[in-house]
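Novice: Need a 3D model of the following:
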Amino acid sequence: MTIRRLRLTAVVDNRAHRKGLFAEHGLAFFVEADDSRILFDTGQGNALCQNARELGVPLDRLDAIVLSHGHYDHAGALAEVLERAPAAAIYLHPAAVEPKYARNASPPHRYIGIPAAGLRALDVASSRIVWTQTQQTIAPGATITGEIPRRTTFEDTGGPFFQDAACETQDSVPDDQALVLETVAGVVVLLGCAHSGVVNTLERVAEITNRREIHAIAGGMHLRSASEDRLRNTADALEAFGISTIAPSHCTGANALAFFGPRFGKRLRECTVGCSLVFPLPADEGGQDAA
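Specialist: Take a look at the predicted model:
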């Protein structure tokens, strides 16, 4: 089934669009796909509920909650959301609930996984959980990718992450997944951090949809430390997929935005807290409006 009307609203991001909205290092999108209401990630924990009130996002009427992966800046407000959305199904990969750490200059190292309150809330809501190791349809026209194969040679997938407090066992972040939305305007892809690599993710989307053309992509692209070679190859892939709307946010990085700017021009859209992307694209707004 194809989504006739899609609206993506940035509820949490590193930057805010206007006064009255809070920014934090994190990501959350409110997805309105015809009659389905989906929350994609929950941010770091301090901004989501306030921004949801300011933007009129009905957390109590969510149909689904999707976690792109199990890092704190994407699952920080999970406990609060689960309390406010008692009927919503919860979609996440099993590895999302496993311990996750990042190395400090010296021990103790940092825990960066789902906060303890969120893990307890998931235990309480266990009957609502759907584990997503493979692709999973969550609403008409909306599919989670599940695990994403890592095939490119130029994408540095995963990151400096570990499974243990001593930071000895590498974490490849297998729980990384994206949300695929098939609309009348074309395929729209929503990213959390794209730890699997943006291009690997788009290749997985092409397999799921059986279509090589992707209309739009939004969210975190994890290109903050990307080499110029990786940026060039990523930009080439975005061109090859025919993407007409690119809305980078969160962990994409200033260098990537500066690189993409001259290449994509008006196809590059702002995606800070309070901004919305609407599909099909309103001719007078270019597909973007501000809440």
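Novice: Quick check: bridge partners of the nearest residue to Phe264 once chain neighbours are set aside?
Specialist: Closest residue to Phe264 apart from its sequence neighbours, by Cβ to Cβ, 6 or more residues apart in numbering: Ile246 at 5.6 Å. Every C-beta, even on glycine, is put in place using the N, C-alpha and C of the backbone. Beta-bridge partners of Ile246, counted by DSSP bridges, are Ile217, Leu268.
Novice: these two touch, right, Ile246 and Arg269?
Specialist: Yes. Between Ile246 and Arg269 there is a contact under Cβ atoms under 8 Å: 6.7 Å.
Novice: quick one: common contacting residues for these two?
Specialist: Ala218 (Cβ atoms under 8 Å, 6 or more residues apart in numbering).
Novice: in terms of contact, does Val187 touch Glu213 like I think?
Specialist: Yes. Val187 is within contact range of Glu213, at 7.3 Å (criterion: Cβ under 8 Å).
Novice: what sits against Asp63?
Specialist: Taking Cβ under 8 Å, 6+ apart, we find Asp63 in contact with Ser36, Arg37, Ile38, Ala87, Ala88, Ala89, Ala139.
Novice: hmm, try it at 6 Å
Specialist: With contacts defined as Cβ atoms under 6 Å, 6 or more residues apart in numbering, Asp63 is in contact with Ser36, Arg37.
Novice: and the gap between it and Ala75?
Specialist: To Ala75, Asp63 is 19 Å away according to Cβ to Cβ, to the nearest Å.
Novice: Can you list phi and psi of Glu213 for me?
Specialist: Backbone geometry at Glu213, expressed as degrees, to the nearest 10, gives phi -100, psi 130.
Novice: What about the residue lying closest to it once chain neighbours are set aside, how many residues nearby?
Specialist: Once flanking residues are discounted, Glu213 sits nearest to Gly242: 4.5 Å by Cβ to Cβ, 6+ apart. Using other Cβ atoms under 10 Å, Gly242 is surrounded by 12 other residues.
Novice: returning to what we had before: same drill for Val187 and Glu213, tell me which one is more crowded.
Specialist: Set Val187 next to Glu213 and count neighbours by other Cβ under 10 Å: Val187 wins out with 23 against 13.
Novice: Tell me if the more buried one really is in a helix.
Specialist: No. According to DSSP: H, G, I helix; E, B strand; the rest coil, Val187 belongs to no helix; its state is strand.
Novice: Can you check the pLDDT for the residue nearest the centre of the chain?
Specialist: Centroid-nearest residue in the chain, with Cα atoms, centre = their mean: Gly192, separated by 2.2 Å. Confidence at Gly192, expressed as pLDDT, is 98.
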